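[1] With the sequence up front, the predicted model follows.
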Amino acid sequence: MSPRRSVADTLETRQRILDRSLAIASAEGLEGLTIGRLAAELGMSKAGLLGHFGTKEALQLAVVDQAAEVFLREVPRKVKQMPSGLPRLIEVCEAWVSYLEREVLPGGCFFTAATAEFDGRSGRVRDALAGMNALWRRDLRIHIRRAVSDGDLKPDTDVEQLIYEILGVMLALNHFLQLEHDEAAPRRARQALKRLLTK
C-alpha cells in the first residue's frame, strides 16, 4: 500500500469514527461515547479506535469540532451570499430552523444537548462548547448591529436582549421537536422570529 493511500485510509477511518460519534452524542450526550461501543459498532479494535484520538476527552473535543463543522455547513455557510445585516440575519434564522426541522442530527441540536451536559463542569470540553457558543453569539451580534446601522431594526434595539430571545426561540424549538415531537414547532418558531426581526 502506498503512503498516500495509507494516509487517505486513516483520514477516512477517522471521519467514520467522528460521524458515528456525533450521531450518538447528539442523542445520548458526549458521555454516551464509549470506546468499546464505538469499536463494536464500527468493527474496530478498541486500541485501533483510540489510536486515532489518544483519549476519550480528545475524542469528545474532536466531536465538538465535527458538530461545529456540520452546523457551519448547514446554517451560516448556506446564507453567506446574502447581504449582511437584517437580510442575512433573517436567512440565518431560517436556515437554523430548517437545520433542526430536518433533523440533520438524530438527537437534534448537538450544542443544546452537550451544553446542558457540561455547563456545570470545568475542563476542556466545557471550554470548547463555551467558545463555540461565544463565536455564534458574536456572529449574531454582528448581523444585528449591521441591521440597526442600516435602519432595518430600531435604533434603540437592545442587541444582547435580541440575541437572548433568538437563542430562546431555538432552544424552545429543539425542545418541542425532540421531547414533544410537535410538528407545529417550526411554524411557531418562524412566527416568533418574524415578530423579533420586524421593525
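    That came through, no problem. Numbering: from 1, shown residues only.
[2] What is the lowest-mean-pLDDT helix or strand in the chain packed up against?
    Lowest by mean pLDDT, DSSP states H and E among the helices and strands of the chain is helix 3-28, with a mean of 86. On a contact count with 3 or more Cβ pairs under 8 Å, 6 or more residues apart in numbering; DSSP states H and E, helix 3-28 meets helix 35-42, helix 56-74, helix 110-118. (C-beta placed from N, C-alpha, C; glycine too.)
[3] rerun at 10 Å
    Identification of packing neighbours for helix 3-28 by 3 or more Cβ pairs under 10 Å, 6 or more residues apart in numbering; DSSP states H and E yields helix 35-42, helix 46-50, helix 56-74, helix 110-118.
[4] Burial-wise, tell me which of these comes out on top.
    A comparison of these by mean neighbour count, using mean count of other Cβ atoms under 10 Å, puts helix 110-118 on top with a mean of 20.
[5] mean confidence for it?
    On average, the pLDDT along helix 110-118 is 93.
[6] Verify the contact between Trp157 and Ala147 for me.
    Careful, residue 157 is Thr and not Trp. Yes. Taking contacts as Cβ atoms under 10 Å, Thr157 lies within contact range of Ala147: 7.9 Å.
[7] Between those two, which contacts overlap?
    Common contact partners of Thr157 and Ala147 (Cβ atoms under 10 Å, 6 or more residues apart in numbering): Lys199.
[8] Pick out whichever of the two has more residues nearby.
    Looking at Thr157 and Ala147 with other Cβ atoms under 10 Å, you find the greater number of neighbours at Ala147, namely 24 against 15.
[9] any idea which helix or strand carries that one?
    Element membership of Ala147 [criterion: DSSP states H and E] is helix 124-149.
[10] for that helix, packing partners?
    Using 3+ Cβ pairs under 10 Å, 6+ apart, the elements in contact with helix 124-149 are helix 56-74, helix 86-101, helix 110-118, helix 159-178.
[11] how big is the angle separating the last one from helix 86-101?
    Interaxial angle of helix 159-178 relative to helix 86-101 (axes from the mean of the first three to the mean of the last three Cα atoms, to 10 degrees): 20 degrees.
[12] so after helix 159-178, what's the next helix or strand?
    Elements were assigned by DSSP H and E; along the chain past helix 159-178, the next helix or strand is helix 185-196.
[13] got the contact list for that next one?
    Applying Cβ under 10 Å, 6+ apart, the contact partners of helix 185-196 are 89-90, 93-94, 96-98, 100-102, 153, 161-162, 165-166, 168-170, 172-178, 182, 184.
[14] what are the phi and psi values for Asp156?
    Main-chain torsions, Asp156, degrees, to the nearest 10: phi -90, psi 20.
[15] burial count for it?
    The burial count for Asp156: 6, using other Cβ under 10 Å.
[16] Surely it and Lys199 touch.
    No. Using Cβ under 10 Å, Asp156 makes no contact with Lys199, being 11.4 Å away.
[17] between the two, what contacts are shared?
    By Cβ under 10 Å, 6+ apart, Asp156 and Lys199 have these common neighbours: Val148.
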